[in-house]
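Chemist: No sequence on hand, only this structure:
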């Protein structure tokens, strides 16, 4: 009886503790690589090595310059997109709750936070993303490949209007970053989406008021054209079939990766405290049963 009860308590404690730290122990899942069609053989091999893989070891998706122009042509000058598809990436699917985590190399115009925000708008969830190129590039075309990779990995078709909205968001954020800085521009876009998820935004007027208020709080003095373009963009996004609770969860993860915290000294101290708590709980409960067995019911 004592052995069985102790086993049950240990099992219960492990379940609770494991649930509290699942994000830290998440095991990476499927990996997919995207490569620009115009990479030469040497560049292709170098980028694969940089991403820690090789031909035949992982699914590889090719991205064309035509596709880049298809998704970006309405929002950015063709000269910025260029005539060659060179941006490449690797996407690794993670367990639920990990969020979207982005790292870039040789990307000059699009920041990690911009990619993460746009990917979340496109419906991407819980993924490690690495974006690179053979030399410095703007990085605008990489989003096209990442969305293709996510669709292949999740076996899920992202609606065309959602892809377009994500690409426009990427461009609008980069344009704001040129004027107000990367950090403030990315924060504004993040907070607008949080506002849509959390507040009662029923009309274009409500949305415009939200954008004005958040821009003022951050210290961004939007021009009328900038404000109008953001209202237009987020009106489109608001009309999409988006799970805003999920968006809010993913945005929280962009701001701070839980696994980084758990691996820190502070995180390890908390885990140790949780472990000590459950050890104490087990000892306390077992003492109750020991006491009961020493004093039979009269």
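Modeler: Yep, that arrived. Quick caveat, the model's predicted, so the values are computed rather than measured.

Chemist: any low-confidence regions in the stretch 1-150 of the chain?
Modeler: 1-28 (pLDDT under 70).

Chemist: Check the stretch 151-298 of the chain too.
Modeler: Along the stretch 151-298 of the chain, segments meeting pLDDT under 70 span 253-298.

Chemist: So which residues of it form helices?
Modeler: All helices of the stretch 151-298 of the chain, identified by DSSP state H, counting those that start in this stretch, fall at 160-180, 182-198, 204-218, 224-238, 244-255, 258-263, 265-294.

Chemist: So for stretch 93-103, what gets flagged as buried?
Modeler: 93-94, 98-102 (16 or more other Cβ atoms under 10 Å). Every C-beta, even on glycine, is put in place using the N, C-alpha and C of the backbone.

Chemist: How far does that stretch sit from its chain's centre?
Modeler: Distance of stretch 93-103 from the chain centroid (Cα atoms, centre = their mean, to the nearest Å) equals 6 Å.

Chemist: what do you get for stretch 162-171?
Modeler: Here the centre of stretch 162-171 is set off from its chain's centre by 15 Å, with Cα atoms, centre = their mean.

Chemist: now stretch 106-117
Modeler: Worked out by Cα atoms, centre = their mean, stretch 106-117 lies 12 Å from the chain centre.

Chemist: got a list of contacts for that stretch?
Modeler: 80, 87, 100-104, 129, 131-140, 142-143, 146, 169-170, 173-174, 177, 182, 185-186, 189-190, 193, 251, 254 (Cβ atoms under 8 Å, 6 or more residues apart in numbering).

Chemist: Looking at the buried residues of stretch 93-103, which are in strands?
Modeler: 93, 100-102 (DSSP state E).

Chemist: Please identify which of those is nearest to residue 40.
Modeler: Residue 40 has its nearest neighbour among these in residue 102, at 26.1 Å by Cβ to Cβ.

Chemist: show me what contacts residue 221?
Modeler: Here residue 221 is in contact with residue 215 (Cβ under 8 Å, 6+ apart).

Chemist: what's the spacing between it and residue 93?
Modeler: 40 Å (Cβ to Cβ, to the nearest Å).

Chemist: next one: residue 35
Modeler: 19 Å.

Chemist: From residue 137, how far out is the spatially closest residue to residue 132 that is not a sequence neighbour?
Modeler: Closest residue to residue 132 apart from its sequence neighbours, by Cβ to Cβ, 6 or more residues apart in numbering: residue 105 at 4.3 Å. From residue 105 across to residue 137, the span is 11 Å (Cβ to Cβ).
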